[in-house]
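Colleague: Next come a sequence and a model predicted from it.
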Amino acid sequence: MDFVILSIAMLAIGIYGLLTNRQLLKVFISIELIATAATLNFVMFASSTGQGLGQALLILAFSTDTAVSAVILALLVIVTKKYGTSNINEILKMQEKGESEAEA
Amino acid sequence: MILEVLSIGLLVSACLALYLDEVIYSVAALSGTFLFTALLYAVNGAVYAAIFQFAVGVGTLAILFLSGEMLSNKSLKKTSPQKTLALIGVGVVLALPAIFLSVSGSTGTYSDASFGDALWNYNGIDVVLQALVILTVALGIAIVLYERRNGGK
């Protein structure tokens, strides 16, 4: 059982979701998966060497991850309330429409 | 055996979290991902990490359920069971290399710090980074307030 490969598979799934999904909440879920892949490496290297340092640094990674999640969710709520949709394509279309109307 | 089952469950639930159309179902699948991750940590002896993963996961999921319910447009588009089963198969196939392959590397020099020692000794980094996060948030709030004040004029 090798957790590096498991972590790489998780990372690949997260990046695939990040590139293909157009819903903001799904993008957020993809970012969570990528963060989980990173923390998986932390813990598995720490537990395979029998040291506590990896687990201690993991808490640091969790705090950073939580802060990032809070900021992303706040942006997501603001954008969805402003444009009335959470689809990235529709938001971009609305932005372009607004810009062209402002120019005219 | 249990590690293999947990690995497959982790990857399948991660695939489902991205594939399912309904946001609530996606968040439910993500909860499975967090649960399997915490169980993997616990089985590998990283109990502290498992507890933290569980706590952070529960908080994130609560917020995601609320925001998902609040922001989603209730689409009634159904995902076909065949596609879902195919996706579960893809997740299992993706988990196979993690079960059967291995990466061997040279072992380096590691410190002898226990969890408590490491947490205490590296607390300085933690405090500095927390301060950085708070500073960033404060700067963001200041910029938003400044923009709002200028926009109001």
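Modeller: Ah, there it is.

Colleague: care to break chain B down by domain?
Modeller: B:1-101, B:121-153 (automatic domain parsing).

Colleague: Could you dump these into JSON lines and include distance to A:M44, mean neighbour count and mean pLDDT?
Modeller: For glycine as for every other residue, the C-beta is placed from the backbone atoms N, C-alpha and C. As requested, those are exported to JSON lines (distance: least, CB to CB, whole Å; neighbours: other CB atoms under 10 Å in any protein chain shown; pLDDT from 0 to 100):
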{"stretch": "domain B:1-101", "distance to A:M44": "7", "mean neighbour count": "18", "mean pLDDT": "81"}
{"stretch": "domain B:121-153", "distance to A:M44": "19", "mean neighbour count": "11", "mean pLDDT": "75"}
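
Colleague: Rebuild the ones you listed as JSON lines, extending it with distance to chain A.
Modeller: As requested, the domains of chain B are exported to JSON lines (distance: least, CB to the nearest CB, whole Å):
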{"stretch": "domain B:1-101", "distance to chain A": "4"}
{"stretch": "domain B:121-153", "distance to chain A": "5"}
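
Colleague: now the nearest residue to B:L64 once chain neighbours are set aside: how far from A:E99?
Modeller: Leaving aside its chain neighbours, B:L64 sits nearest to B:V27 (4.7 Å; criterion: CB to CB, 6 or more residues apart in numbering or on different chains). Noted for B:V27: a distance of 34 Å to A:E99, by CB to CB, to the nearest Å.

Colleague: can you check B:Y146 too?
Modeller: As judged by CB to CB, B:Y146 and A:E99 stand 23 Å apart.

Colleague: Identify the residue spatially nearest to residue 13, adjacent ones excluded.
Modeller: No chain specified, so I'll use chain A. B:A14 (4.9 Å).

Colleague: Not quite, go with chain B.
Modeller: Here the residue nearest B:S13, using CB to CB, 6+ apart, is B:G32, at 3.5 Å.

Colleague: Who are the packing partners of the one helix or strand that neighbour maps to?
Modeller: According to DSSP states H and E, B:G32 maps onto helix B:23-43. Judged by 3 or more CB pairs under 8 Å, 6 or more residues apart in numbering or on different chains; DSSP states H and E, helix B:23-43 is in contact with helix A:24-49, helix B:2-19, helix B:47-71.

Colleague: ok, now which ones touch the residue nearest to B:S13?
Modeller: Going by CB atoms under 8 Å, 6 or more residues apart in numbering or on different chains, B:G32 touches B:G9, B:S13, B:L16, B:A17.

Colleague: residues contacting A:T80?
Modeller: With CB under 8 Å, 6+ apart, A:T80 has these contacts: A:L24, A:S86, B:L71.

Colleague: cool, A:E32 as well?
Modeller: Applying CB under 8 Å, 6+ apart, the residues near A:E32 are A:G14, A:S69, B:L30, B:T60.

Colleague: cool, B:C15 as well?
Modeller: A:I13, B:L87, B:I88, B:V90, B:G91, B:L94.

Colleague: what's the spacing between A:S69 and A:I59?
Modeller: Counting by CB to CB - A:S69 and A:I59 are separated by 15 Å.
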